[in-house]
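K.L.:
fold the following, please.
(chains A, B, C and D)
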There are 4 protein chains.
Amino acid sequence: MLLEHYLKTRHYTEALCAPLSTEDYVPQAEAFTSPPKWHLAHTTWFFECFVLKPYAKGYCEFDPTFDFLFNSYYRALGERAIRAQRGIITRPTVAEVYRYRQHVDRAIIQLLNDTPSIESALEDLITLGIHHEQQHQELLLSDLKYTFSLNPTHPVYHDGAVQVADTNSCSGWLSIAEGLYEIGHNDASFCYDNELGHHKVWLAPFSIAKDLVTNGEYIAFIEDGGYEHFQYWLDDGWSWVEQNHIRSPLYWQKINHQWHYYTLAGLKPLDPNAILTHISFYEASAFAHWKGLRLPTEFEWEVASQQLDWGKRWEWTSSAYLPYPGFRISAGAVGEYNGKFMINQMVLRGASVATSDGHQRYTYRNFFHPHFQWQFTGIRLVKENE
Amino acid sequence: MLLEHYLKTRHYTEALCAPLSTEDYVPQAEAFTSPPKWHLAHTTWFFECFVLKPYAKGYCEFDPTFDFLFNSYYRALGERAIRAQRGIITRPTVAEVYRYRQHVDRAIIQLLNDTPSIESALEDLITLGIHHEQQHQELLLSDLKYTFSLNPTHPVYHDGAVQVADTNSCSGWLSIAEGLYEIGHNDASFCYDNELGHHKVWLAPFSIAKDLVTNGEYIAFIEDGGYEHFQYWLDDGWSWVEQNHIRSPLYWQKINHQWHYYTLAGLKPLDPNAILTHISFYEASAFAHWKGLRLPTEFEWEVASQQLDWGKRWEWTSSAYLPYPGFRISAGAVGEYNGKFMINQMVLRGASVATSDGHQRYTYRNFFHPHFQWQFTGIRLVKENE
Amino acid sequence: MLLEHYLKTRHYTEALCAPLSTEDYVPQAEAFTSPPKWHLAHTTWFFECFVLKPYAKGYCEFDPTFDFLFNSYYRALGERAIRAQRGIITRPTVAEVYRYRQHVDRAIIQLLNDTPSIESALEDLITLGIHHEQQHQELLLSDLKYTFSLNPTHPVYHDGAVQVADTNSCSGWLSIAEGLYEIGHNDASFCYDNELGHHKVWLAPFSIAKDLVTNGEYIAFIEDGGYEHFQYWLDDGWSWVEQNHIRSPLYWQKINHQWHYYTLAGLKPLDPNAILTHISFYEASAFAHWKGLRLPTEFEWEVASQQLDWGKRWEWTSSAYLPYPGFRISAGAVGEYNGKFMINQMVLRGASVATSDGHQRYTYRNFFHPHFQWQFTGIRLVKENE
Amino acid sequence: MLLEHYLKTRHYTEALCAPLSTEDYVPQAEAFTSPPKWHLAHTTWFFECFVLKPYAKGYCEFDPTFDFLFNSYYRALGERAIRAQRGIITRPTVAEVYRYRQHVDRAIIQLLNDTPSIESALEDLITLGIHHEQQHQELLLSDLKYTFSLNPTHPVYHDGAVQVADTNSCSGWLSIAEGLYEIGHNDASFCYDNELGHHKVWLAPFSIAKDLVTNGEYIAFIEDGGYEHFQYWLDDGWSWVEQNHIRSPLYWQKINHQWHYYTLAGLKPLDPNAILTHISFYEASAFAHWKGLRLPTEFEWEVASQQLDWGKRWEWTSSAYLPYPGFRISAGAVGEYNGKFMINQMVLRGASVATSDGHQRYTYRNFFHPHFQWQFTGIRLVKENE
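P.N.:
Next up is the predicted model:
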C-alpha cells in the first residue's frame, strides 16, 4: 500500500512534466518560485536525505553535490544554493535529474521490499515525503504558470490544463451557532505537525457563504473603483497596490476593452461566471470590506467545512498563521517544515483545482504572505448573524 | 474635569520638551520616527481638525498649510507631507508651533467654557484627542532616544530621564486554569475601538511569569550563541538578524569587553539586574524558544493581568494584531486610527516606563511590526501547565 | 592681505546665514547635500585640522569630537560621521558652532599676527582653506535651495536672493581657428591641483555661442516632446528620465498651465528671457542634440573663455573629469581634494550667480555626476565650423 | 567573398555552442549578461531586420514575435522584452532558434546569389551584421563563463577552452616622442562609427610597457593590502570595493591558502606567470596607482599600438568613452549602436583571447562601465618620460 502510494505520487509528478520542453525546466522567474527541474530533484532529495541515508543499508548516494543543490530551506543540513539563483544552475541536466529520480525510486522499492515489517518512524517519513511531493506538485504548476505568463508569446502548457473556469455548485448561506468547538487533527491519519494540538475554541454565531466569489462579482469591485479607494484596504495592502500598480488579479489583462487572463491553456477571455482566482490576501480583504462582509477565521472555516463544498480554491482566512496551543517544533531538520514560518503569513484553508488528489483535509493549514497572488487562491465570505 | 484632563495632558507634552534645544526638534532619523516638532504640531492638529473645525463656531484656522503638514496617516483628509520627509520641513519654526498650540488651547478652553452641557460626541472626540496625545508623548520619547543614539557624542536628554534600570518586584509563576474567559473592554470608560467587541475565548491551562526577563538573563542567551544559531529563530527573524547584522538589543554596545547601553541619561554600563528592553518580537520569540518556553497570547495576558505587576515594558505577545469579533472600522477619518493596521503586526500588552500616566489599561492593544526594537519593549514568559 | 582675505571670507559665510532660523541649519535633504550647520563647522574644521594643529603652537582644540563630526571625505584622517546622517546630529547646537568659528578665527588671527614672515607652505594652506570655504558658500546656497524647495510652503530665503532671472548681454557666435593651444593654470596665482599640468591640445575649428540657453528656448524643447523622445538622450540619461519621471529642470512646476519655479525668493512665474538653470548634463546633452548642435569640450571652453562673457551659470562641457597629463595626487589628506573624484563625472566650466567673488578662474574645473541638477548649471552651445 | 565571410562567421557562432547542453542555452545570470539562445537569435534578428526586410523581395518573416523578443536596445524599433528577463523566455526552444538561423541564412544566401552587383549600402549592412555577430561571439563566451561560475559544481565548457593561461612574449618599455599624431580610422576598410572622425591629438612624451600585468604581479598588490587601503582607489571604486566586498579579480578563490580561478576548462590553480584577466577599471586604476605608474590614454595606446604585441586582453585605458570631433549619430536604429553609450564608460583598446579572428583593429574602441569585471580585461602600464 505504502509503496503503491509512493509510486503513484512519483509518477504523477513526472506526468505533470510531460508537456514540457527541456528549456521549460530551467528558469526561476522570481525568488518565490522554483524551476520544474528543481522541484523534480528536491522532492527526490527529500527521500534520499531523510529516508535512504538513515534507513537503507548500503545505499549509494547518487551525487554528493545534490545535497547542496537541492536542499531547500533546511538550514540544519548545511549550506544551500542561494534560493534566488536556482534558475542559473544548468547542470545537472534534466536527463540527469530523471536518472536521479530512477536511482532513488529503485532504492525505495528495494528498501520497502526488503523490509518485512516496516517500523513506524520509517513509514512516517516516507508518508511525509509523499505529502511533501504532492505539495510540490501544486507548486510546480503555479510556478510554471507564473513563468509562462511572463513570456510575451503566452505558451500553452496543455489545452485541457488545470480547469480554472469552474463554477459554483451551491449558493446561499450556512449558519453556525455560537458554542465551543474542537479544532485540529485528531485521528491516526496523516497530517502535518501544524495541525496537531487539538484544542477548543469558542465561536460567536456566524453565517458562511456556500459559494466562492466569481470573476463577475470581482469585476463589479474593480468597476466601482476598488483599486482606487484606499478605504477598502489594509494599510500595507494599499502600499502594495500603489508600489506595484496593482489593478486586477494576477494574469488578468484588458485587450480591446475586454478582460482576458492567462491560463495554462493559453490566453483566454475571462468567464464572469467562473470562480475568481489568483488574488492576494490584501485583495480578498478589500473585496470583503467593499461588500460590507468579512473573511472567515480559520476556526470558523474548519467548523463549517464539513457542510461546505470546497476544494476549488485556497480560501484566504482572516487568521494569521500561528502555532496551536502546545505546538512544539520537531527536533532536527524535519522540524523546520512548518514552525519557523509562523510569522507575517495568513492561513488559507481548503484546497484548489491544482491540488493533488489525497492532499485535501479539513484541518489542512496552508499559509502564504498576504501579498502573494500566484497560488490558486479564492474568496469565501462570512457575515455576522443578526 | 475634561478641561483639566486636557490641560494637564497638553502641559505634560511641553514639559517633556523642556530639555530640548531648538535643533533637537527638527530631525527625523528614520521613516518610522517623527521629529518632536511634528509630534507637538500633529497632536494639536488633531484637536483643530476633529474638534474645533466641526464644533467651535467661528473658529479661525491657525494656518491652512498645517492641515497638509501635520496630518499623519488620515488619507481621507487629503494630501499629506511625505512621511519620510518630516525632518526637512524647517518652517514653521518651533516657536510658531508653540504659538499654534496656544491658539488651539485657547479655542478649546473657550469651546468648553462656552458649552454648558457638552454633547457626548464632542466629549468623546476630546477624550480621544487626549489619549492620542498621550500616545504621542511616549512616541516622542522613543523617537528622540533613537535620534540621539545616532549622534556619536551620546547627548543627554536629562539625567533622571526615563528610568529603564528598574528591577522586578515579584518572581515565580502564576497559574491560570482552563476555562472560558471574557476578553475586551466592557464598561463606560475610555478605550480605543480595537478593544471593543467584548467576547469569549477558551483557554487551556498555563502558567505565566510574575517577573520580566532581565538584562542578565538575556546576556546568557547572547553568550550561548543566541544570535548565531538559526534554530531559535522564526525564518523572517533570522533573515532580519542576518541582513541587519543584529547581535544585541538596540542601543547596546560593548566597550572594552563590557556591555553598555545608550539611555536618555547618556551612555551607561549595563545593569544585569535591570529589566531588559528594546528588543524586537523576533528576539523575544528566539529567547523564549531558547529557554524552552513561549510568549503569552494576548488573551492569556489579559486574563492574568489583574494578578500581575505590570506597566514597566510593552510585553510582546504571540498574538498577531487582528480584529476582535464584530469589529467595525468607524466611518470617516477617525476610523483609520486602528483597523487598517491589522496585518503583519504583533500585539504588545501592558505599558512601559515611558507611558504617560492614565494611559494604561488591561485591555489596551498596542501593536508594532515584529522587527521594531525602538519602543520600550520587554519579555514575559509562559509555560504550559504540566 | 592674507588675514584680510581670510576674515572677509569668514564673514561672508556668516552673512549668507543671516536670514536663517535655527531650524534651517539642521536638515540634510539628500545624501548629496549638507546642512548649513555642517558647512559652517566643516570649513572651520579645515583650518583647525590643516593649519592650527600643525602650525599654531599651543593651540587648544575646541572639541575633540568635532574632528569626527565635521571631517567630510578625508579618509586619511580617520572615521567620519556617516555622510547621509549629517541631518540628525543636533548637538553641537548652532550657537556652539558659531563659538567654534570664533575660537578658530581668533587662533588664526593670533597665528598670523604672531608670525612676522609667514612660510609659504602655511600661506598655501590658509589660501586653500579660503578657497575651500568659498566653494562651500556656493554649496550652502544650492543645498539650502534644495531643502527649502521640498517644503510645501515654499519658504523665502530672502527677497533679493541669488538673482537667477538674469539675462544674456551678448549674442551671436565666436569662431575659434584650428591650432595647438595651451591649457591649464600657468602662473603664480592660486589654483586647485587639478588645474595644473599645463599642456598643449590640438583643436579643430569651431564656433561657440556668446549667449547661454534661455528658459524660453528650453520650453520649446519641452513642448517639442524633448522628454518623451529617447532619440535625443544618452542611454543612461534616458534611464534617468524614465526612472525619476523627469519632465522639466529642477524646481519647475506648472500651475494653471503656466510654468513657475521655486527660487530663493520664493515661488515665481518663469521668465522666458532669463537664462536657464538647474539642468543635468543629460538634459544639456539632449537639448544640444535636439538643436543639432553640441556642448563644448572643456578645452574649447578654456580657449574661448577670455573672449566670452561668463560667470552666470556653471556650463556643462562634453569632457569627462580626468587628470591632466602629469597630474599627481598630493601626499596626505589634502591630496584627497580632487584626484579621487576623476571618474563618472563631467566637467563644468565658468562660474555661477551663486559663486563667491574671487572664486572664478578661466582654468577652474568644476565637476559633478551627470544626473545632478541642484547646482546653478546652464548650457552654452557649439557648432562645427563649416 | 562577402557570402563566404558571412557563412564562416555564422558557422563559428554555432561551433562555439557545440559543447552546450540544451539547458545551458537558457539562463541569464545578471542583467548585463544574456543567454546563449538569445545571442544566437539576436544576431540572426539583426540580419532579418536590417538586411532581409528592407532588401530581400518577398522575404517571409520567420516569426513576427521574434522582433519583440530578440531586439536588444534599438528603441526606435518598438517594444523590447525586458532586458533583465531574457532568461525566463523558454519558448521559442533552442531547436526553433536554430531553425530561425537556417531560415535567415538561406534567405541571405539567396539574396546574395540573386544580386549580381550588390549595392554598397547593402554590403555595408551585411558587413556590419558580421562584425555585430563577432562581437556577440565574445559576449557569448564571457556571459557563459559568468553563468557557469555561479554553479557550485564548476562545469567544464571544454577542456581546451579559451586559453587564459597565456604569457607575455615581450618585455621592457617603448618610448614615444612628444608630437602631433593622427587618431581614428582612415581607410576604406570596415570600422564602427565611433572610430570615424579622424583627427589630430598632441601627446606629451611617454613610455608604454611592452608586456601586460601578470597574475603574480597582481598577487603582490593584494598581499600588500591593495584592497584594504582606500588611498589607491578612485572614490567610486572604493565604494564599489566596500559594497561588494571585492577582494580579488573575478573568478578567483583561495582554497587551502592557494589561489585558484574558475576557467572555461573548470577550476584551476592560478598560474602566476599568466597574464592577469577579469579586473574592473577600478582595479586597473588602483593597481597602477600602487605601482606609481598610470594607464595609457586611448590616444597614447593607438599611437603606440603598431609597435606593440597585443590582442590578448582588452586593455583598460584612462580615457572616458566620448565622441570624436565631428561624430554624428547615424539616422535610424543603426545609429543607436554606439553613440548613446558615450557616458559613464571607459574605453578599452586591443582585443582578447576570446575575440573572434578578424575583429581586431588598431582603432577599435571597446567600452564598459568601470566596475565590470566579466570581460577578458587586462592592464598595460605607462610611465612619464623623465
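K.L.:
what parts of chain A come near chain B?
P.N.:
Within chain A, the positions adjacent to chain B are A:73, A:75-76, A:180, A:199-202, A:204, A:230-231, A:233-238, A:281-282, A:285, A:318-320, A:322-323, A:325-326, A:340-344, A:370, A:384 by CB under 8 Å from any CB of the partner chain. For glycine as for every other residue, the C-beta is placed from the backbone atoms N, C-alpha and C.
K.L.:
repeat that with 7 Å
P.N.:
Proximity of chain A to chain B (CB under 7 Å from any CB of the partner chain) is limited to residues A:75, A:180, A:199-202, A:204, A:230, A:234-237, A:318, A:320, A:322, A:325-326, A:340-344, A:370, A:384.
K.L.:
could you pick out the buried ones from the residues you listed?
P.N.:
Among the residues of chain A next to chain B, the ones that count as buried by 16 or more other CB atoms under 10 Å in any protein chain shown are A:75, A:199-202, A:204, A:230, A:234-237, A:318, A:320, A:322, A:325, A:340-344, A:370.
K.L.:
from those residues, which land in strands?
P.N.:
Secondary structure from DSSP state E places A:His199, A:Lys200, A:Val201, A:Trp202, A:Ser318, A:Ala320 of these in strands.
K.L.:
ok, so of these, who is nearest chain B?
P.N.:
Here the nearest of these to chain B, counting by CB to the nearest CB, is A:Ala320; it sits at 3.3 Å.
K.L.:
what helix or strand is A:Phe46 located in?
P.N.:
Assigned by DSSP states H and E, A:Phe46 belongs to helix A:36-47.
K.L.:
just the mean pLDDT for that helix, thanks.
P.N.:
Averaged over helix A:36-47, pLDDT sits at 97.
K.L.:
which neighbouring elements make contact with the helix or strand that comes right after that helix?
P.N.:
Counting by DSSP H and E, the next helix or strand C-terminal to helix A:36-47 is helix A:53-55. On a contact count with 3 or more CB pairs under 7 Å, 6 or more residues apart in numbering or on different chains; DSSP states H and E, helix A:53-55 meets no helix or strand.
K.L.:
next, count neighbours for A:Glu195.
P.N.:
21 (other CB atoms under 10 Å in any protein chain shown).
K.L.:
ok, the spatially closest residue to it that is not a sequence neighbour - contacts?
P.N.:
Of all residues not flanking A:Glu195 in the chain, A:His185 sits nearest, at 4.0 Å (CB to CB, 6 or more residues apart in numbering or on different chains). Contact partners of A:His185, counting by CB atoms under 7 Å, 6 or more residues apart in numbering or on different chains, are A:Cys191, A:Glu195, A:Leu196, A:His198, A:Thr363.
K.L.:
now do the helix ranked longest in chain A, average pLDDT.
P.N.:
As assigned by DSSP state H, the longest helix anywhere in chain A is helix A:120-149. Average pLDDT, helix A:120-149: 96.
K.L.:
that one packs against which elements?
P.N.:
By 3+ CB pairs under 7 Å, 6+ apart, helix A:120-149 packs against helix A:2-17, helix A:36-47.
K.L.:
can you list those helices in CSV and add mean neighbour count?
P.N.:
Below are the helices and strands packed on helix A:120-149 laid out as CSV (neighbours: other CB atoms under 10 Å in any protein chain shown):
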stretch, mean neighbour count
helix A:2-17, 16
helix A:36-47, 25
